[in-house]
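Q: based on what follows, work out the 3D shape:
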Amino acid sequence: MELLWQELSFGIADSRQLVIFAVRLLASTILGAAIGFERERAGKPAGLRTHLLVTVGTTVFVLACTGFGMNSDGLSRLIQGIVTGIGFIGAGSILKINEDREVQGLTTAAGIWMAAAVGVSVGLGMLGLALMATVLSVIVLSFVIRLEGKPDDGRDNGSESSNKE
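A: Predicted coordinates for the structure are as follows:
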């Protein structure tokens, strides 16, 4: 019975660690939702669920490894793996439209990459950094297109819409 309890305790050593994990997962959820909500509101393909899953998923990876006692070298390799993996997800969101020779999806890919960075930051306990990064991301995604003087036509290409050769 004790073995079963150990397995079901989620590998959490004590109540302090439980609170830390809960706060970080909640923060990751809220920050990922903020980025994802902006993308959802703008009608982009990767919206609320995608950004939530990326942010919370990267936080879980970091929490699992730090909870296991991984040293900074191991965490460095973990973060390198996350960045590489997220790069593949981002690459899948980029489309090249042959007729117009336009590239679309770069902003979506960058948003997913940023959501992963926020998740890693939260997992490492750098909630202030993650909050600042989230606020800046939402500002960039919401308002910079207005500064560029381009209408928001619903396409996810930001300033990349004229990549004509």
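
Q: helices or strands up against the helix or strand hosting Thr50?
A: Counting by DSSP states H and E, the element that carries Thr50 is helix 48-68. When contacts are defined as 3 or more Cβ pairs under 8 Å, 6 or more residues apart in numbering; DSSP states H and E, helix 48-68 packs onto helix 15-41, helix 72-92, helix 106-123. (Each C-beta comes from the backbone N, C-alpha and C, glycine too.)

Q: ok, now with 10 Å
A: helix 15-41, helix 72-92, helix 106-123, helix 127-148 (3 or more Cβ pairs under 10 Å, 6 or more residues apart in numbering; DSSP states H and E).

Q: and the residue nearest to the spatial centre of the chain, how far from Val122?
A: By Cα atoms, centre = their mean, the mean C-alpha position of the chain lies nearest to Ala115, the distance being 1.7 Å. Computed as Cβ to Cβ, to the nearest Å, the Ala115 to Val122 distance reads 11 Å.

Q: what sits in contact with each of the two?
A: 28, 31-32, 55-56, 58, 133-134 (Cβ atoms under 10 Å, 6 or more residues apart in numbering).

Q: and of those, the nearest to Gly92?
A: Nearest to Gly92 out of the shared contacts of Ala115 and Val122 is Thr58 (Cβ to Cβ; 16.9 Å).

Q: returning to that earlier point: tell me what angle the helix holding Thr50 forms with helix 15-41.
A: 160 degrees (axes from the mean of the first three to the mean of the last three Cα atoms, to 10 degrees).

Q: buried residues in helix 48-68?
A: By 16 or more other Cβ atoms under 10 Å, the buried positions in helix 48-68 come out as 48, 50-63, 65-66.
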